[in-house]
Each structure stands twice: as C-alpha cells, then as structure tokens.
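Asks: A predicted structure for the sequence below; I have some questions about it.
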Amino acid sequence: MIVPEDPTYNGAILQPLICRMLAECGKGNAKVDVLANPKAAGFEHAKALLPQIVERYTHYDLLLFLPDADGNDRSPAFTGLEREAAVAGVTLLCCAAVQEVEVWLLAGHPQKIGQPWQEVREDVSVKENVFEPFLEQYGDPRRPGGGRDLLMKEGLRNYDGVLQRCPELATLQARICDEVARQALAAT
C-alpha cells in the first residue's frame, strides 16, 4: 500500500514506480494499491493520518509513505513513524522525493527537460517550473492524472537512469528488497 500526499496525481506516478521496484525485488506479481481512503492532502495531513492508516491496513505486507521533501529533511519524522508502525506490527518504509514526487517521473526523461539535472533536483518549485510545462507538452489531458501514469511507465524504460538520478529511490529499493527477503525468511 502506497500512502501518497495526493492519491490522484502522485498515485499515478507512484503506482507504476513501486510495481517496478517490487519486480526488481522478485515480487513482480505483487498487488500495489494507492491509498485513497482516507485521502491525504499534503505532508502534514498524511503524517497525521498514518496512525489510523497503520491500524486500518495491518493486513498489507508493506506500507510505503512517499511524500514530497519540499526542501525539508523528513528523516527525523520518518524514523518516528516507522518505529511507531513497527510497535503496531506493521512494516512502514518512508522515503521523501527530492523535491517533489514529480521529479521521479522527470528522471526517466532527462533528454526532454532541456536543463541540467542538478538544477531540476535542487528547484524547490520544480513542479511549477519544470514538471507542469513538461506535462503540458508530453502528457495526455484526456487521461486521469493528465497522462502521468503513461509518462512514468515510459520513463521506467530507463529505470537504472532513474535510480542514478534519484539516489533516494535506489535506497528505497534496497530497503524494499531487504524487507521482501526478511518476510520470505519469516514464512519458511
């Protein structure tokens, strides 16, 4: 279960990304849901909902909280959230997108962006400055999410490049693979 800040738009990016990560971890047939109820609206709201989400969705093997960093270090909050979930018997892994989840989609399309990657990563207004013009040019307004799902799937053809350009995703994948291995050992 993916817990995004915004299930409508971010969910369209995160669902194909996490499906690919799980496939890389040997779980290509895993069912990946994006939390829509309760619907979060921003980091603080999603963070406040997490105890309720953990309690309601204990039947999932893994919960992933994947918000935007928005120029902030989220690691202290993540440590506490993961610890609280573990006490409840739930595996929660948190990873903030630097700066916005939309950057993870852009990482699969560096040739189409037209500016140095480091500038994209450091822009705290990357959604407005880079992503929205990109989506307008390459997206599909007839699709839910404006075509974010298709653009993410297309970008995942360059999956190794996405992980290189967004090292937090490489770290998340390693953590997911470790958890998949841990759960497999526990089942034997």
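Replies: Happy to help now that I have it. Numbering: from 1, shown residues only.

Asks: need the CA coordinates for the one helix or strand Arg20 maps to. CSV is fine.
Replies: For Arg20, the host element (DSSP states H and E) is helix 9-24. Extracted C-alpha coordinates of helix 9-24, given in CSV (Å, rounded to 0.1, in the frame of the first residue of the first chain):
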residue,chain,number,x,y,z
TYR,A,9,-1.8,12.8,-9.2
ASN,A,10,1.1,11.4,-7.2
GLY,A,11,-0.6,7.9,-7.2
ALA,A,12,-0.4,7.8,-11.0
ILE,A,13,3.3,8.3,-10.7
LEU,A,14,4.0,6.1,-7.7
GLN,A,15,2.0,3.0,-8.6
PRO,A,16,4.0,2.1,-11.7
LEU,A,17,7.2,3.0,-10.0
ILE,A,18,6.6,0.8,-7.0
CYS,A,19,5.4,-2.1,-9.2
ARG,A,20,8.7,-1.9,-11.0
MET,A,21,10.7,-1.8,-7.7
LEU,A,22,8.8,-4.8,-6.4
ALA,A,23,9.5,-6.7,-9.6
GLU,A,24,13.2,-5.8,-9.2
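
Asks: just checking, what packs against that helix?
Replies: Other helices and strands packing on helix 9-24, by 3 or more C-beta pairs under 8 Å, 6 or more residues apart in numbering; DSSP states H and E, are strand 2-3, helix 101-106, helix 148-155, helix 167-187. Placement of C-beta: from N, CA and C, glycine included.

Asks: residues in contact with the closest residue to Ala40 other than its chain neighbours?
Replies: Distances taken as C-beta to C-beta, 6 or more residues apart in numbering put Ala46 closest to Ala40, at 3.6 Å, once the chain neighbours are dropped. Residues in contact with Ala46 (C-beta atoms under 8 Å, 6 or more residues apart in numbering) are Val3, Pro4, Glu5, Ala40, Phe65, Pro67.
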